[in-house]
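A.B. asks: quick one, what's the 3D model for this:
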Amino acid sequence: MATSGELTMTMDPAAERIARFRALVEEQRERAVRLAWRLTGGDRAAAEDVTQDALVAAYRALPRFRDEARLATWFYRILVRQAHSYRRWQRVREAWRAAATHAPTAPPVAVGVADPDLRQRIAAALGRLPQSQRDCFLLVHGEGFTVREVAVIVGKAEGMVKSHLHRALTRLRADLDDLRGFEERGG
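C.D. replies: Residues are numbered from 1 along each chain as shown. So this is what the prediction gives:
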């Protein structure tokens, strides 16, 4: 089967877009769920829901898609917006729950770290980043997107994405500075 970028204009434009969209879903679904998982704080069910909502939104918007960007990049922009919307509503729900039970909310889980205390610290440090910095950081360092792709996904200039990445790394290094000393001592 042809990939989403390989189909040619041999059929009518609407049919071609649908075929490219199907190929996109097949190629990118797991990556999209993984990114949504990171953006929703490590909640698999929420990641599946956000991905599904993004796919539905993208399918509905398909007639308005212009070939100015790659279909995958356009879709990831929709996915990031869906994840932001989910996180906003999740914070509201958690605030109401916490107010009702007087219980603190748990921070999102950091990916790929075995030590639960360290994972908690990394998640807390990521959680303290402004959303735009956190998104850029997770898209580049968590999902392997290029700066150019992230710029399209988040709708900002490449220079702004680089600035967000630099600021995120600076803040994370400052927040987790004592870990660097631990590594240098051979811990």
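A.B. asks: which helix or strand contains Leu79?
C.D. replies: Using DSSP states H and E, Leu79 maps to helix 71-101.
A.B. asks: could you report the neighbour count for Gly42?
C.D. replies: By the criterion of other C-beta atoms under 10 Å, Gly42 has 17 neighbours. Where C-beta positions appear, they are placed from N, C-alpha and C, glycine not excepted.
A.B. asks: quick one: it from Leu165, how far?
C.D. replies: 21 Å (C-beta to C-beta, to the nearest Å).
A.B. asks: what's the burial count for Thr73?
C.D. replies: Using other C-beta under 10 Å: Thr73 sits among 16 other residues.
A.B. asks: please, where are all the helices along the chain?
C.D. replies: In the chain, the helices defined using DSSP state H lie at 13-39, 44-61, 71-101, 116-128, 131-137, 147-154, 158-175, 177-184.
A.B. asks: format those as CSV; extra columns: mean pLDDT.
C.D. replies: As requested, the helices of the chain are exported to CSV (pLDDT from 0 to 100):
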stretch, mean pLDDT
helix 13-39, 90
helix 44-61, 94
helix 71-101, 80
helix 116-128, 83
helix 131-137, 92
helix 147-154, 92
helix 158-175, 94
helix 177-184, 57
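A.B. asks: report the buried residues of stretch 139-151.
C.D. replies: Leu139, Val140, Gly142, Glu143, Phe145, Glu149, Val150, Ala151 (16 or more other C-beta atoms under 10 Å).
A.B. asks: would you turn these into TSV with distance to Tyr59?
C.D. replies: As requested, the buried residues of stretch 139-151 are exported to TSV (distance: C-beta to C-beta, whole Å):
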residue	distance to Tyr59
Leu139	22
Val140	27
Gly142	26
Glu143	22
Phe145	22
Glu149	21
Val150	23
Ala151	24
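A.B. asks: farthest-separated two in those?
C.D. replies: Greatest spatial distance in the buried residues of stretch 139-151: Gly142 and Ala151, 16.5 Å, computed using C-beta to C-beta.
A.B. asks: domains of this protein?
C.D. replies: The domain map for the chain lists 1-105, 109-187, with the assignment taken from automatic domain parsing.
A.B. asks: which residue packs closest to Leu132, ignoring adjacent ones?
C.D. replies: For the record, residue 132 is Ser, not Leu. Excluding the flanking residues, the one nearest Ser132 by C-beta to C-beta, 6 or more residues apart in numbering is His164, at 5.5 Å.
A.B. asks: now do the one you found against Val152, distance only.
C.D. replies: For His164, the distance to Val152 equals 14 Å [C-beta to C-beta].
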